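Undergrad: Sequence and computational prediction follow.
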Amino acid sequence: MATDNLVRDLTAALDGVPLIDPHSHIDPHAPVSKSLDDILGYHYYTELAHSAGMPQTSLAKDVPLRERVREIVKYMSRFDNTAQYAWFVDIARTFLGFQGDRVTSADADALFDAAEKTFAQPDWEQQVFAKTKLEKIFLTNEFDDPLDGFDTAKYVPCLRTDTLVFHLDKPENRQRLVKTTGVEIGDAQTLRKAIWKLFAHFKAKGAKACAISLPPDFAPVPVSEGDLDRAVQTVCKGGLLSRGMFEAVQMAKGVLGVGGAETSAKDVLGLGVFWLLAEHCREFGLPFDLMIGVNRRVYEKGVYQGQDLFDRRTSLIQYRELFNHFPEVTFPISVLTSGQNQELVAYSWIFPNVVPNGHWWYSNIPTYIGRDLGERLQAVPKTKLVGYYSDAYKLEFVAPKYGMYRKILATTLADDFVRPGRLSEVEAVLLGTRLLRDNVREIFQV
Amino acid sequence: MATDNLVRDLTAALDGVPLIDPHSHIDPHAPVSKSLDDILGYHYYTELAHSAGMPQTSLAKDVPLRERVREIVKYMSRFDNTAQYAWFVDIARTFLGFQGDRVTSADADALFDAAEKTFAQPDWEQQVFAKTKLEKIFLTNEFDDPLDGFDTAKYVPCLRTDTLVFHLDKPENRQRLVKTTGVEIGDAQTLRKAIWKLFAHFKAKGAKACAISLPPDFAPVPVSEGDLDRAVQTVCKGGLLSRGMFEAVQMAKGVLGVGGAETSAKDVLGLGVFWLLAEHCREFGLPFDLMIGVNRRVYEKGVYQGQDLFDRRTSLIQYRELFNHFPEVTFPISVLTSGQNQELVAYSWIFPNVVPNGHWWYSNIPTYIGRDLGERLQAVPKTKLVGYYSDAYKLEFVAPKYGMYRKILATTLADDFVRPGRLSEVEAVLLGTRLLRDNVREIFQV
Amino acid sequence: MATDNLVRDLTAALDGVPLIDPHSHIDPHAPVSKSLDDILGYHYYTELAHSAGMPQTSLAKDVPLRERVREIVKYMSRFDNTAQYAWFVDIARTFLGFQGDRVTSADADALFDAAEKTFAQPDWEQQVFAKTKLEKIFLTNEFDDPLDGFDTAKYVPCLRTDTLVFHLDKPENRQRLVKTTGVEIGDAQTLRKAIWKLFAHFKAKGAKACAISLPPDFAPVPVSEGDLDRAVQTVCKGGLLSRGMFEAVQMAKGVLGVGGAETSAKDVLGLGVFWLLAEHCREFGLPFDLMIGVNRRVYEKGVYQGQDLFDRRTSLIQYRELFNHFPEVTFPISVLTSGQNQELVAYSWIFPNVVPNGHWWYSNIPTYIGRDLGERLQAVPKTKLVGYYSDAYKLEFVAPKYGMYRKILATTLADDFVRPGRLSEVEAVLLGTRLLRDNVREIFQV
């Protein structure tokens, strides 16, 4: 992937496109970093440092920030081959005045100091927006987020629903829901009412999507009102459901080839809530982002946010009924592994409401991005391709991640479209712009 | 994939090889298109147009052909990035005198008129054969096809058996079988006799293969004569079988990791018919084309032929017993996903009777073809590689599809064999010719 | 993959690195070939020749060696496209003075004679070591191997444990264990004692790893002392266990999505022994090589060692409990298919004790190596990458296999690191050396 003149020209043209980043974990009340530890505390770095031998004690809360940074930078010499390391060098060069090609232990203190000074500037947030050519960025909001005190034109709310689908068995989460909506939950009807209120609130505040991350064996099916009633009631009482009660759900799961022998009220409640969310996406005209394939806490003693892995044996066939049942809802789909990409391509080619969405997590690596992007561009209508999102926790990461993506996009456009004579350079830039920006605007209606 | 001189030279040489296309859906009584709607009505275009937003009403039967064509061409602006669009531009240029590089809405009427005039020529079929350098093309014949009224030297019959294996529970299909063979079916013995008659008929008419497409969870196992007897009898009466009866089948399926809790007589009958077909392939010396991995009607409201998808979780281990049991039968295997290609490579490397066959459907995209072809060429004996088939419904598609394949083949030969000094250009062309033509002749004995 | 100057320079530099080969099947008492039949009898060649049509009778014991060689070389004309053929040409050129670019039938006798003469030299073993720049090579030793009579500084012992985990139900294997350890096995405690003795013996002889190959559905779980007791006792009596006894094991397997309805005492014993092995790896400080994904004897009538294939539907999630339970044990992991590589990358990125190990068997093909290596280099700390092993049965194969790998490594370093400006040539050679040699030394402590 040497960059020749064509790739360089295309990259330069794409660099000029203002970004609308359709998925991040930015806290709009603290969108930028305050110290270099905010950058290096990103789980990609703590994971790799720990995986390469750094003990967890180096990250303990009482360790001074400068020490933590020194330690992670020291371990970087063991993973300076990775894409993630390249992001960090990019951040150091773009934002911290770093001149070198490689960051080593010797640079830790100077970078820490530079960061302290740079990040303290009162207009730092505006500077990052400007340098990044960032126009808007989507958030990931818990259902009880008040969505107040920030500019929703810049920071676009998005209703994250993992808690509702997977953790409503916990009394504290039900309490949060009651507190937020004012609806006392005791059966299917009250649950539906509470969810309607959440959507109305989010929609009023300018939310542009509903989103969820799902384990590899998740297989949504409709739950009857009666079953949902019983599930809500049982969960509220803290009990388990008898098996016979949910034969329909069981059979549906059996047909799809997933699910074990036991169905708990919690599972049924989760399936029921998921279906309710899809119904409300339809009613409120919101796309439903599905991020498919993560198993939580696989490495139980891993660093914070560095415990999740996956079972690659998952299939979009599990979503067959959902896609058929909700033709009016657009489902932007992220898959965790490149091995799932051909299904995503094929399902997007056939289902009007299925849309490939970016390159997620363990697939957010140049070689996977390049391969998956090339496949999508050859077989999915270009109007359906949401090219990329940053998944960032701090705004400083948007630039290096999109920078990596634009280079790969330019290379793909050059090799698959311009060089074979299918597109002119100008047309290729238009196609790239569509993936970077236009489709986000159209699909999420921003 | 810019085409340099070497790739261009190799492509030019391969362009001269007369084609024997080992799999298509050509109707020998109407092999060429009559209007541009026959081209654009191909499911690849209706699927992509619909996926990109075209309502199904645009394809209704009472819509005039010209209108249908205009509508699909209009939506092409949303999928002009795809490989399928490139086939259409190729058809327009090769057969319709189109001069441009891109077809847009503005071209629809002119192309429609050109097609009407061109396709009306009395020798159009011969012209397409000549321009395509097509020598022979395999058909996909239903079991009750009389195989009369066409030149079987050009149009090679092939017994397609999906109906026999998966739909013999329907009385109308059993009636068709009775009518075709003159055998009244009531038990295993009469079923066997009927199938023997089909094979004798097809063989006498010059059939060169038996073929079937299979769902991802299909796992062939032998069925005892007694079980088959009971299955035929039960199906003929329209009933379900008791479970205990088919424990052997169940266990076999369990061992292979597929199959649900319930086995119907229909399933047992299907397994039994499949095994009978393999036995008759052995007796009549016919290869048995297996096209593995398709789930039918996943998108229930999709366009005609645009409803099928898949579950990528399938394995050739499911065919273990079949491959072992029939060493005399050659099984040309098509897989639906590129993710299955390494299994296909490994099974072909080990089993003498397993042969990789072309690039099917959702894998018939340059990036998948290139990757899968490269893997096959590095690890499977070259005499076992059936390079490509068109899968075409109209003869005009053979040229652009093989054109795409030859470019990829030339690129792979250049990069993996000529440039590293393993083959001279002349030798590379011979290797390519083997994949394009020689192996089809040897393996299918044409 | 044309080799330009940069790739050539990097390859040349890497060619100078002395090798420590961390996995082979070398017999230290007969490490080099005695005739060309020892080379061509390698299962890769007999498999491909047989797959391409050679009858098994050509390999019968009573066929003279020269005849066997002639026959395999004759069939090579059918698989001279493969990577394996390229290894043979390399061997002929490197060790047998062959001058041509392609070996054909006409060369068989001359090569046979040259081999006879060459291999008869008294210092042939030393010559191969020198030409290969081989410093040390790991063995694969059965548990009752006395490990005497060879230089363990050159030939590094490694305890292979397939028999212990999968075949201890056979009385003859238990007898071998008793004979080797002097421990009469009758329950969990005596089994543990016997295994401890094996480890002590191997460790004393300089063993550097414990290793095992595992079927795709293997899912290790701890077995309670009571269950193990009962399993040992039952197996010793040749019986099957009742199901209720092993509910815990069953449930664990159920959670992991593998395992059928029946658990035999043999299975429980296997799980128990596997866990004991991991405990002893911890105690004795040995890495535990897991080679994941092979099904034995799939092609029942295949050539010797040419009967094994796989079910690609396997996941590292099956090892979740193992990796969590033994943080002190390093697990160098080999996967059989390229489709599993992204899991290997992700698990190595998260778990400190998971390490990618080489390119195994059906993935030991340039296109898979290149892809898998590229992925690993972009996302796994460089200190954790064991680049390659030969898996050789005779020392003459180390050179061509590592030669293939070094070219791919050089190409990847050039394209992904030097050309994009991330590393200088010198730094790239250092990174390559780390994969080829340094990491083997550090991870296996040689």
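TA: Happy to help now that I have it.
Undergrad: Quick check: residue A:355 is in a strand.
TA: Yes: the assignment for residue A:355 (DSSP: H, G, I helix; E, B strand; the rest coil) places it in a strand.
Undergrad: and it, what are its bridge partners?
TA: residue A:332 (DSSP bridges).
Undergrad: Please enumerate the strands of chain A.
TA: Ranges of strands within chain A are A:19-21, A:134-138, A:155-156, A:158-160, A:209-214, A:288-292, A:331-335, A:354-356, based on DSSP state E.
Undergrad: any chance of those in CSV, with mean neighbour count too?
TA: Every residue, glycine included, has its C-beta placed from N, CA and C. Shown next, in CSV, are the strands of chain A (neighbours: other C-beta atoms under 10 Å in any protein chain shown):
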stretch, mean neighbour count
strand A:19-21, 23
strand A:134-138, 21
strand A:155-156, 22
strand A:158-160, 25
strand A:209-214, 24
strand A:288-292, 25
strand A:331-335, 25
strand A:354-356, 24
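Undergrad: Distance to residue C:428 for those strands - can I get that in JSON lines?
TA: Listed next are the strands of chain A as JSON lines, based on distance: least, C-beta to C-beta, whole Å:
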{"stretch": "strand A:19-21", "distance to residue C:428": "33"}
{"stretch": "strand A:134-138", "distance to residue C:428": "35"}
{"stretch": "strand A:155-156", "distance to residue C:428": "42"}
{"stretch": "strand A:158-160", "distance to residue C:428": "42"}
{"stretch": "strand A:209-214", "distance to residue C:428": "37"}
{"stretch": "strand A:288-292", "distance to residue C:428": "36"}
{"stretch": "strand A:331-335", "distance to residue C:428": "32"}
{"stretch": "strand A:354-356", "distance to residue C:428": "34"}
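Undergrad: Dump the ones you listed into JSON lines; add mean pLDDT and distance to residue C:66 as well.
TA: As requested, those are exported to JSON lines (pLDDT from 0 to 100; distance: least, C-beta to C-beta, whole Å):
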{"stretch": "strand A:19-21", "mean pLDDT": "98", "distance to residue C:66": "69"}
{"stretch": "strand A:134-138", "mean pLDDT": "98", "distance to residue C:66": "72"}
{"stretch": "strand A:155-156", "mean pLDDT": "98", "distance to residue C:66": "76"}
{"stretch": "strand A:158-160", "mean pLDDT": "98", "distance to residue C:66": "72"}
{"stretch": "strand A:209-214", "mean pLDDT": "98", "distance to residue C:66": "62"}
{"stretch": "strand A:288-292", "mean pLDDT": "98", "distance to residue C:66": "59"}
{"stretch": "strand A:331-335", "mean pLDDT": "98", "distance to residue C:66": "55"}
{"stretch": "strand A:354-356", "mean pLDDT": "98", "distance to residue C:66": "59"}
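Undergrad: which ones are touching the nearest residue to residue A:277 once chain neighbours are set aside?
TA: Leaving aside its sequence neighbours, residue A:277 sits nearest to residue A:161 (C-beta to C-beta, 6 or more residues apart in numbering or on different chains; 5.5 Å). Contact analysis of residue A:161 by C-beta atoms under 8 Å, 6 or more residues apart in numbering or on different chains lists A:143, A:210, A:211, A:212, A:273, A:277.
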